[in-house]
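**Student:** This is a predicted model, with the sequence first.
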Amino acid sequence: MRIPGELEKCRLYIESHAVKNGIGKKRLPPGPCITFSRETGTSAKLVCEELIKFFNENIKQDSPEWTIFDRNLIEKVLEDHYLPTTLKNLMEEDKVSFFSSMLNEMFSGQPGQWTLIHKTSETVLQLASLGYSMIIGRGANVITSHLNNTFHVRLIAPLNERIKNFAERYNIDFQNARMIIEQHDTRRKKYLHSVFNRRIDDPFLYHLVINTRGMNCKQVASIIGSAVIDKFKMHERQMKNPEFHLT
């Protein structure tokens, strides 16, 4: 079976951190993990890619490589837990019925949506604990809220600007772009409420809420990167104090 490229990136990330913190070695404190909640059309993945460039340019050498987890996260969960790939369709960020899902699993004996959500949460915690990771969506900010090495970001922008960006990026008309954006935003709101009983627009779930209006991805990444470096004293971590622990 051919391993998808995104899944391979996940594996390489896990393996590289396992080697660095392997048996017989002194365990290093975790690097930061940045979680992203976003309104559709704010280009979270592109912001993450620019953020990696920002860190590479502004942090001393010898730090591990950053890895982005988005759609590839579900592929990793399915693979690691030997779950059928058909479950991937159940993990749309939409309303979840725990009662129905648990009943179906009990009577069918087959894993369902509830199992996949549970395993996904476990994987999010694992990736966040290792650090140097950026996790987009899946309620990662709520799942990892108790970890000291996490930094939670939400990206927002006026609807008209998001429609324009989305339409241009995917080469579709404005009407279809608006419909897709509204559907995705509604699904994400329902998912966070159904699974975690949280409001996605609650500002207290995030360290930083950025209105990306009028800014490009590089500018947004610069704001986030500067805040992360300052919060976790990453310059000190690289240059002065290798035993620095996150607080």
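**Tutor:** The structure has been received and is ready for your questions. Numbers count the residues shown, from 1 in each chain.
**Student:** CA only for contacts and neighbour counts going forward, please
**Tutor:** OK.
**Student:** After the one helix or strand residue 187 maps to, which helix or strand is next? Please name it.
**Tutor:** In the assignment (DSSP states H and E), residue 187 maps to helix 174-196. The first helix or strand that comes after helix 174-196 along the chain, using DSSP H and E, is strand 208-211.
**Student:** List the buried residues for the next helix or strand after that next one?
**Tutor:** Next along the chain after strand 208-211, taking DSSP H and E as the criterion, comes helix 217-231. By neighbour count on 16 or more other Cα atoms under 10 Å, the buried set for helix 217-231 is 217, 218, 220, 221, 222, 224, 225, 228, 229.
**Student:** And the furthest pair within the residues you listed?
**Tutor:** 217 and 229 (17.9 Å; Cα to Cα).
**Student:** Residue 37 pairs with what?
**Tutor:** residue 154 (DSSP bridges).
**Student:** Look at it and say how many residues are nearby.
**Tutor:** For residue 37, the tally of surrounding residues (other Cα atoms under 10 Å) stands at 24.
**Student:** Same check on residue 32?
**Tutor:** 25.
**Student:** wait, doesn't it sit right on residue 232?
**Tutor:** Yes. Contact criterion Cα atoms under 8 Å: residue 32 and residue 232 qualify, at 7.4 Å.
**Student:** So for those two, which residues contact both of them?
**Tutor:** Counting by Cα atoms under 8 Å, 6 or more residues apart in numbering, the shared contacts of residue 32 and residue 232 are residue 149.
**Student:** so where is the protein shaky, pLDDT-wise?
**Tutor:** Applying pLDDT under 70 to the chain flags residues 1-28, 61, 72-114, 235-247.
**Student:** what about the strands in it?
**Tutor:** Counting by DSSP state E, the chain has strands at residues 33-38, 67-69, 133-136, 150-156, 208-211.
**Student:** Distance to residue 171 for those strands - can I get that in TSV?
**Tutor:** Below are these laid out as TSV (distance: least, Cα to Cα, whole Å):
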stretch	distance to residue 171
strand 33-38	21
strand 67-69	25
strand 133-136	23
strand 150-156	22
strand 208-211	24
